[in-house]
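Colleague: Following is a predicted model, sequence given first.
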Amino acid sequence: MPRPTKRGLPALLFVTVCLLFAPAAGRAEDPSQLKQQGYVNDFAGFIGENESGRIGDVCRKLDEETSDRILVVTVSSTGALTPGQLGERLRNSWIGVSDVRERTLLIVVNGEGRIGFGIGSSLESILTHEKLDAALAGSRTVGGNDYGQKLLFLVQRIAEDIKTASNQSGASSAPAQAQPPASPPPASSAPSWTEGPNRRPYILFCVFLVLSYLHTAFRVLRRPMPLSRKILGLVTPLPVLYVFFNPVLLGQLNQWMHRWFNQIFMATIGIALLTLLFNILRGRGIGGRR
């Protein structure tokens, strides 16, 4: 009687990680499917409840005092669009009244910490490159890897700039000399809170997947079995590989790992990869079987 199959550490880790992260892999956010939820639109779940409420209060107070609006949007990925391009599309699709639309600023943040602005024409002369750069520089110094605290600082700083400009405009008795509006930051250059996505754990995990698949394929091809079963054994893992090579997952993993378990994730996948290589060198299977 054949003995029961025993699964080893790599197989268990592989299944666990698949269950944890497979639902998170998806397509980039479609602007037409995003519906405004208020001042704070945390589609990616980056902002804590406390920070979300405080950001909403700042935006609401600014709207009441100056009729200027700030909307915050977080998405896991903007796909082929830059955050600034997504902000412009959302500003035009969410706000139908032209006067309100041109007095609205959208701040978009994706999972890689990249930031973009959709700026209405009435705010372009107020929110110059210098002021936005100063606000972004200040936000990088607070909150560590907490995007909620960084966004709160950024919104507070921008709201203060808008209020100051509004008060100065109202207090000035002489007509100010007309100045050309400052253009928003180029859409191709999205500033970031990070030096770039932490790709090391993602790449390490992808190497683990590829080696697992190649080792399994080698074993399937060596075994005497019908050709149809061999093809099935080679094709079945491909959807899993596609899910984890989806670029959207890179931004999501980067945000989660920064917040919770970057070092633990790297150590776990590193141990699994070393165990897999050890089993391959000893002629064992992925689960540690001969």
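Modeller: Arrived safely. What you see is a predicted model, and the numbers here were worked out from it, not measured in a lab.

Colleague: Could I get the phi/psi values of the spatially closest residue to residue 101 that is not a sequence neighbour?
Modeller: Closest residue to residue 101 apart from its sequence neighbours, by C-beta to C-beta, 6 or more residues apart in numbering: residue 95 at 4.0 Å. Backbone N, C-alpha and C define where each C-beta goes, glycine included. Here is the backbone geometry of residue 95 (degrees, to the nearest 10): phi -110, psi 110.

Colleague: Residue 95 touches residue 104, doesn't it?
Modeller: Yes - Residue 95 is in contact with residue 104 according to C-beta atoms under 8 Å; the separation is 5.7 Å.

Colleague: Show me which of those two is the more surrounded one.
Modeller: Higher neighbour count among residue 95 and residue 104: residue 104, with 24 against 19, using other C-beta atoms under 10 Å.

Colleague: and that one, what does it touch?
Modeller: 68, 69, 70, 71, 91, 95, 118, 120, 123 (C-beta atoms under 8 Å, 6 or more residues apart in numbering).

Colleague: can you check residue 69 too?
Modeller: By C-beta under 8 Å, 6+ apart, the neighbours of residue 69 are 39, 59, 62, 63, 100, 103, 104, 105.

Colleague: Keep only those of these that are in strands.
Modeller: 104, 105 (DSSP state E).

Colleague: quick check, nearest of the contacts of residue 69 to residue 52?
Modeller: The shortest gap between residue 52 and any of the contacts of residue 69 belongs to residue 39, at 9.2 Å (C-beta to C-beta).

Colleague: Neighbours of that closest one, how many?
Modeller: With other C-beta under 10 Å as criterion, residue 39 counts 19.

Colleague: Chain neighbours aside, what residue packs nearest to it?
Modeller: Nearest residue to residue 39, sequence neighbours excluded (C-beta to C-beta, 6+ apart): residue 59, at 3.8 Å.

Colleague: Most neighbours among the contacts of residue 69, which one is it?
Modeller: Taking other C-beta under 10 Å as the neighbour criterion, residue 105 ranks highest of the contacts of residue 69 with 28 neighbours.

Colleague: need the helices for the stretch 51-200 of the chain, in chain order.
Modeller: Secondary structure of the stretch 51-200 of the chain by DSSP state H, counting those that start in this stretch: the helices cover 83-94, 98-101, 121-124, 129-140, 147-171, 200-222.

Colleague: Surely residue 143 touches residue 149?
Modeller: Yes - with contact defined as C-beta under 8 Å, residue 143 reaches residue 149; the gap is 3.0 Å.

Colleague: Mind putting the helices of the stretch 51-200 of the chain into a markdown table with mean pLDDT and distance to residue 271?
Modeller: Below are the helices of the stretch 51-200 of the chain laid out as a markdown table (pLDDT from 0 to 100; distance: least, C-beta to C-beta, whole Å):
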| stretch | mean pLDDT | distance to residue 271 |
| --- | --- | --- |
| helix 83-94 | 91 | 36 |
| helix 98-101 | 88 | 53 |
| helix 121-124 | 91 | 51 |
| helix 129-140 | 90 | 33 |
| helix 147-171 | 89 | 30 |
| helix 200-222 | 75 | 10 |
